[in-house]
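J.: I'll drop the sequence and a predicted model, then ask my questions.
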Amino acid sequence: MLKFLSKVRIEFNALDPRTASCMEFLAQCNARKAKESNPACQVLVKRRTDDHPPQITVTFVNGVEEVFDGTTISAQTIRNMILQKGQYLETEQMFREAGEKWPVIIPEEELHQPAPGTKELLRFECIESASHLYIPGFD
């Protein structure tokens, strides 16, 4: 997860009962495997004394910053969103390194064309009886 990030900032008041997401996300960031994936990623913790809601701010390696409300979103959801955006960044980088334009624009008419070299899927009918499932042609 950290391999896609350059900085993580976690802010929370330790006395706030809504800090579970921030604490879990901090634990995930401090895990050995996460740290090994990107030792250069800064993980900053700001312990607040006011009633500001828990917040997680991540900065992706391309400089894009995203802020998550730690009271409404789980650590796992944040992690999944980071991984999804990270895969997008890897794909973008792969296309750029290959000299291709990004983003890839596929014309609407090409979206509905069959892919060359593929066979049309067989359509079959299932007949279900009380004792077994019969699929014609697969005796």
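T.: Thanks, I have the structure now. Numbers count the residues shown, from 1 in each chain.
J.: Can you identify each of the helices in the protein by residue range?
T.: For the chain, applying DSSP state H gives helices covering 20-30, 32-37, 75-97, 108-111.
J.: The residue nearest to residue 74 when sequence neighbours are not counted: how many residues sit nearby?
T.: Nearest residue to residue 74, sequence neighbours excluded (Cβ to Cβ, 6 or more residues apart in numbering): residue 21, at 5.6 Å. Placement of C-beta: from N, CA and C, glycine included. Neighbours of residue 21 under the rule other Cβ atoms under 10 Å: 24.
J.: what's the distance between residue 21 and residue 63?
T.: Distance check for residue 21 against residue 63: by Cβ to Cβ, to the nearest Å, it reads 25 Å.
J.: swap in residue 90?
T.: According to Cβ to Cβ, residue 90 and residue 63 sit 16 Å apart.
J.: and the helices of the chain, which is most packed in?
T.: Among these, the stretch with the highest mean neighbour count (mean count of other Cβ atoms under 10 Å) is helix 20-30, at a mean of 18.
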